[in-house]
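>>> Structural data only, the sequence is not supplied:
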């Protein structure tokens, strides 16, 4: 099967009991599903965001812009998820900058609980105009 013709159509994620991320590709008239079980949050975000950026170049830039807009409009949110540099993620905590992961020229924070991973993936999918859902949304 030729991988070059695959197009990323959706990401399905669950982190509560079974930490799993499923990528749905369209190859001709077929849907192909690829399932991964990330080792940790850093691996989950890096792998997923790299695939989104590969499928839709420029999506990390759009995600960073959306995240900045959401962060500034929400008074309860204390930090950004995606930024151009680590010092924009950890504004008053420079000792935490090593906790960020570089993806496509942008930085993503990784010292977060698993429950925040779907928020970041949903944000990146929205920027890339890719569908996002949970594993229960998958139907065959």
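Arrived safely, thanks for sending. All values derive from a computational prediction rather than experimental measurement. Numbering: from 1, shown residues only.

>>> helix or strand right after the helix or strand bottoming out on mean pLDDT in the chain?
Every helix and strand of the chain was ranked by mean pLDDT, DSSP states H and E. The lowest is helix 86-89, at a mean of 86. Using DSSP states H and E, the helix or strand that directly follows helix 86-89 along the chain is strand 100-103.

>>> Show me which positions of that following strand end up buried.
100-101, 103 (16 or more other CB atoms under 10 Å). Every residue, glycine included, has its C-beta placed from N, CA and C.

>>> try stretch 22-38
Buried positions in stretch 22-38, judged by neighbour count with 16+ other CB under 10 Å: 22-25, 38.

>>> what's that stretch in contact with?
Taking contacts as CB atoms under 8 Å, 6 or more residues apart in numbering, the residues outside stretch 22-38 that touch it are 1-2, 5-13, 18-21, 44, 47-48, 51, 131, 135, 138.

>>> give me the element the residue nearest the centre of the chain is part of.
Closest residue to the average C-alpha location of the chain: residue 121 at 3.1 Å, with CA atoms, centre = their mean. Secondary structure assignment for residue 121, by DSSP H and E: helix 117-128.

>>> what number of residues lie near residue 62?
By the measure other CB atoms under 10 Å, the count of residues near residue 62 is 17.

>>> who are the neighbours in contact with it?
Residues 127-128 are the ones in contact with residue 62 under the rule CB under 8 Å, 6+ apart.

>>> Can you check the pLDDT for it?
With respect to pLDDT, residue 62 has a value of 95.

>>> Kindly provide the distance from it to residue 29.
With distances defined as CB to CB, to the nearest Å, the gap from residue 62 to residue 29 amounts to 29 Å.

>>> circling back to that earlier point, relative to residue 127, which of the buried residues of strand 100-103 is nearest.
Closest approach to residue 127 among the buried residues of strand 100-103 (CB to CB): residue 103, at 12.7 Å.
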